[in-house]
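Undergrad: Sequence and predicted model, in that order:
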Amino acid sequence: MTENTKRRKVLAILAGGLVLGVGTAVTLAAWNDSEFASSDFTAGSFNLEGAVDGAAGTYEEHESAGAAAAIDFTVDASNMAP
């Protein structure tokens, strides 16, 4: 292989790489689209209510520790297992 043939091959490879690189850059630039937006976001409000009378479902608000509902809690110890 002569020196001239080697040089032509190297130049052809470099030219192909240049074309591929420029083509990639142009394609990526064409597909890139920036979007900007702004808005104000607020959270909704909700209120928790609880019922202590089981199935009757009398729901009430208990807004502080002083207004907490009294819960009757009994355990049937004869029905417990380890």
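TA: Yep, that arrived.
Undergrad: pLDDT weak spots in this structure?
TA: 1, 29-33 (pLDDT under 70).
Undergrad: Okay, residue 17 and residue 27: tell me how far apart.
TA: Residue 17 is 16 Å from residue 27, where distance means CB to CB, to the nearest Å. Yep, even glycine has a C-beta here, placed from its N, CA and C like the rest.
Undergrad: That should have said residue 61, apologies.
TA: Residue 61 is 61 Å from residue 27, by CB to CB.
Undergrad: what separates residue 66 from residue 58, distance-wise?
TA: Residue 66 sits 20 Å away from residue 58, going by CB to CB.
Undergrad: So which of these two has more stuff around it?
TA: residue 58 (10 against 6; other CB atoms under 10 Å).
Undergrad: Confirm that one sits in a helix?
TA: No - counting by DSSP: H, G, I helix; E, B strand; the rest coil, residue 58 falls outside a helix, being coil.
Undergrad: Just list the residues touching the closest residue in space to it that isn't next to it in sequence, thanks.
TA: The shortest distance from residue 58 to any non-neighbouring residue, by CB to CB, 6 or more residues apart in numbering, is to residue 51 (5.5 Å). Applying CB atoms under 8 Å, 6 or more residues apart in numbering to residue 51 gives the contacts 57, 58, 59, 60.
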